[in-house]
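# structure for this input, please:
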Amino acid sequence: FFESLSEAYQNPGTDFGGTCAEVSCPGGEENFVTTMFNDSVALGDTIHWFTTMCGKKDTTKMLKKLLHGEKKVTAVRSETFYQGKTTRWGVAWSFSKDAGKTNTTPLL
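Here you go, the predicted model:
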C-alpha cells in the first residue's frame, strides 16, 4: 500500500494495478499492517492464522517486531517472494496453541 496514488507513481520499478482505494491507505502500508496487527490481537485465537503480504521490507521488519513483542502470539512465519524485479514479503502469525507445534514446518 502507498499513502497516496501519487506516491505509487514515484517509483518506476513498482508494478501495480487498481484504483486509488485499492492501492493506497491513509498512513501507508505501515499503518495498514499496524491496524491489521491490532485487529488480530483483539480477535486472538478465533482465527487460526493471520497473513499479510508487504511491499516494503521496512514494513515487514516493523511487523515482526510487533509480533515478537506480543506474548500471546504463538507462531510467526515469513517468506520472501521474488517475481522478476519485484520482491514481496509474506508474514503469517497465530495466537492458537496448535500453531506453535508446527512453527518449525517451512512454508510451501
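# for the protein, what are the low-confidence residue spans?
By pLDDT under 70, the low-scoring segments of the chain are 1-5, 7-9, 11-18, 100, 102-108.
# which of the helices or strands spans the residue minimising distance to the centre of the chain?
The chain has Thr52 as the residue nearest its centroid, 3.4 Å off, counting by CA atoms, centre = their mean. When elements are assigned from DSSP states H and E, Thr52 belongs to strand 50-54.
# strands paired with that strand, and their directions?
Partner strands for strand 50-54, per DSSP bridges, with pairing direction: strand 86-94 (antiparallel).
# ok, residues contacting the partner strand?
By CB atoms under 8 Å, 6 or more residues apart in numbering, the surrounding residues in contact with strand 86-94 are 13, 15, 40, 45, 48-55, 57, 59-60, 63-64, 67, 73-81, 100, 107. Where C-beta positions appear, they are placed from N, C-alpha and C, glycine not excepted.
# what are the buried residues along that strand?
Trp89, Val91, Ala92, Trp93, Ser94 (16 or more other CB atoms under 10 Å).
# ditto for stretch 49-68
For stretch 49-68, by 16+ other CB under 10 Å, it's Phe50, Thr52, Cys54, Gly55, Lys56, Thr59, Thr60, Met62, Leu63, Leu66, Leu67.
# stretch 73-84 too?
Buried-residue list, stretch 73-84, by 16+ other CB under 10 Å: Val73, Thr74, Ala75, Val76, Arg77.
# wait, which of those residues is closest to Glu22?
For those, the closest approach to Glu22 (CB to CB) belongs to Arg77, at 26.0 Å.
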